[in-house]
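In: A structural model of the following input is requested.
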Amino acid sequence: MKKIYLHPLPVRIWHWINAISFIILIITGLQIRLGDKMTFMSFQTAVKIHSWLGFILIANYLIWFVYYFATLKFFKIYLPPFWKPIEFIKRALRQAKYYGYGIMVGDKNPHHPTPENKFNPLQQVAYFFIMIICIPLQLLTGLVLWDPVKFKFLANILGGIQIVSLIHVGLWIFFSAFIIIHFYLATLGHTFWAHFIAMITGYEEEPEEH
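Out: This next block holds a predicted model:
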């Protein structure tokens, strides 16, 4: 196996803050929405934890935004090459075939990550959509629900408080599903824990080509 330094320390810190915060936000969000049926904690405690972690995620997102745009890494890592549509679609179809069939019959992953090309085509599209659209929307709608008076202008832009609530809950469901899928995909390394260890040490292991 050869080792590739794929995840710099700032990215790893950002990732684990994000991951832990998201999981707790999903749980506290469930408690807030189903307060009469859930007994994890009191409604007031759930709201406090949810609010504080929301602000932590806002700060964490700003750190991600500054880091990836200041270093221009966003354009190399997250931005799908829409200017090469045919090539990109072919690569995406190969990756989809691998996930849907090839992985079950022992085929090799068609994507080999490098520091400048970390994500396969499907990951690029997914993470681009999540980081540029979903997370900002979730944070903005969260601010409105935290203080509807102070952020009334945001509520008006987004279509009113009911639409804001619908978007926030809809994205909460989306991110709950994403966490499950993300965990599953993280187990598809050469060992069950390979990708998890890589996100701790920074080094991804790849089979040597002979």
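In: which parts of the helix or strand containing Gly54 are buried?
Out: Using DSSP states H and E, Gly54 falls within helix 43-70. Residues 46-47, 49-51, 53-54, 56-58, 60-61, 64, 68 are the ones in helix 43-70 that count as buried (16 or more other CB atoms under 10 Å). In this view, the C-beta of every residue, glycine as well, is placed from N, C-alpha and C.
In: try stretch 177-190
Out: Judged by neighbour count using 16+ other CB under 10 Å, the buried positions of stretch 177-190 are Gly189.
In: and stretch 71-85, by the same measure?
Out: Under the neighbour-count criterion of 16+ other CB under 10 Å, stretch 71-85 has 73-74, 77-78, 80 buried.
In: which stretches in this protein count as strands?
Out: For the chain, the strands defined by DSSP state E occupy 2-5, 203-206.
In: point out the other helices and strands that the last one packs with.
Out: Contacts defined by 3 or more CB pairs under 8 Å, 6 or more residues apart in numbering; DSSP states H and E place strand 203-206 against strand 2-5, helix 194-201.
In: any chance of the ones you listed in CSV, with mean neighbour count too?
Out: Shown next, in CSV, are those (neighbours: other CB atoms under 10 Å):
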stretch, mean neighbour count
strand 2-5, 12
helix 194-201, 16
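In: mind checking which of those is nearest Arg12?
Out: Nearest of the helices and strands packed on strand 203-206 to Arg12, taken as CB to CB: helix 194-201 at 5.9 Å.
In: can you list contacts of that closest one?
Out: Applying CB atoms under 8 Å, 6 or more residues apart in numbering, the external contacts of helix 194-201 come out as 6-7, 12, 15-16, 186-189, 204-205.
In: so what's Ile132 closest to, chain neighbours aside?
Out: Nearest residue to Ile132 in three dimensions, chain neighbours excluded: Tyr78, at 8.0 Å (CB to CB, 6 or more residues apart in numbering).
In: try Arg94
Out: Nearest residue to Arg94, sequence neighbours excluded (CB to CB, 6+ apart): Pro110, at 4.7 Å.
In: surely that neighbour and Leu93 touch.
Out: No - assessed by CB atoms under 8 Å, Pro110 is found out of contact with Leu93, at 10.0 Å.
In: how about low-confidence regions in this structure?
Out: Residues of the chain meeting the criterion pLDDT under 70: 207-210.
In: please repeat the previous calculation with a cut-off of 80.
Out: 1, 35-39, 206-210 (pLDDT under 80).
In: where exactly do the helices run in it?
Out: Listed in chain order, the helices of the chain (DSSP state H) span 9-33, 43-70, 73-77, 85-100, 121-129, 135-146, 152-158, 161-186, 194-201.
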